[in-house]
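**Student:** Dropping a prediction and its sequence here:
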Amino acid sequence: MSARQLAKAAAFATCMTAVAPLVALAWAEKRLLSGDALFNLFAQLLAPFPGVPGKYLRGAYYFGTLDGCSWETHVGFGSIFTHRGGALAAHASMGSYCIIGHARIGAEAMIGSRVSIPSGKHQHMDEAGNLVTSARYETISIGARTWVGEGAIIMANVGSDCIVTAGAVVTKEMPSRVVIGGNPARVIKERS
């Protein structure tokens, strides 16, 4: 392990210690109450911490609370996961002010600023199109090494090694190794 990796690991361990009470309370909430209120409170509390300390504090909190999260991630200023059912793989990063629901973000994926990944596109309707009283969540997958441009809205799975242009609105599943853009998003071209 290089000196830089050791320094990162030490910073992460320090931040893990700092957020341990928040992680413990969020864990207890999950086990005892099956809710997300404390999880969301602490996510919002940590979202505005600036700079490198904020990045490590948010990473440590999500490492301890999400369904899956590598310690080697970057969660930008103002970005939050709204549900603990998300996952963030190694070397994945997201810019500032992202709102992420039930999403699995693959290794080395890069999420631009102001990206929204709600938990599917049918949260408030049943199969017949009628409004429902309790939300239905889908888990959205973003493939490994996919880049998502600023302001995109992702409501369906996106494959690996893709580029999603800024402002795209993805409403249907997209294959791997393509460039995606538009509203509604479509495949613009295949990547060689």
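**Tutor:** Received it, and whenever you're ready, just let me know what you need.

**Student:** And for the nearest residue to F63 once chain neighbours are set aside, the neighbour number?
**Tutor:** Nearest residue to F63, sequence neighbours excluded (C-beta to C-beta, 6 or more residues apart in numbering): C69, at 4.7 Å. In this view, the C-beta of every residue, glycine as well, is placed from N, C-alpha and C. Neighbours of C69 under the rule other C-beta atoms under 10 Å: 24.

**Student:** quick one: furthest residue from the center of this protein?
**Tutor:** A128 (29.4 Å; C-alpha atoms, centre = their mean).

**Student:** does that one count as helix, strand or coil?
**Tutor:** Assigned state for A128: coil (three-state reduction, DSSP: H, G, I helix; E, B strand; the rest coil).

**Student:** Using the three-state scheme, assign V52.
**Tutor:** Under three-state DSSP, V52 comes out as helix.

**Student:** wait, what's in contact with it?
**Tutor:** Contacts for V52 (C-beta atoms under 8 Å, 6 or more residues apart in numbering) come out as A11.

**Student:** Just the pLDDT for it.
**Tutor:** Predicted confidence (pLDDT) at V52: the value is 91.

**Student:** Show me what secondary structure element comes after the worst-scoring helix or strand of the chain on mean pLDDT.
**Tutor:** Least confident helix or strand, the chain: helix 3-33 with a mean of 92, by mean pLDDT, DSSP states H and E. On the C-terminal side of helix 3-33, the nearest following helix or strand under DSSP states H and E is helix 37-46.

**Student:** The residue lying closest to P175 once chain neighbours are set aside: neighbour count?
**Tutor:** With sequence-adjacent residues excluded and distances taken as C-beta to C-beta, 6+ apart, P175 is closest to G159, at 4.9 Å. G159 has 18 neighbours, counted by other C-beta under 10 Å.

**Student:** Begin at 3 from now on, thanks
**Tutor:** Understood, numbering begins at 3; the last thing we discussed is G161.

**Student:** residues contacting G161?
**Tutor:** Here G161 is in contact with G145, T148, M176, P177, S178, R179, V180 (C-beta under 8 Å, 6+ apart).
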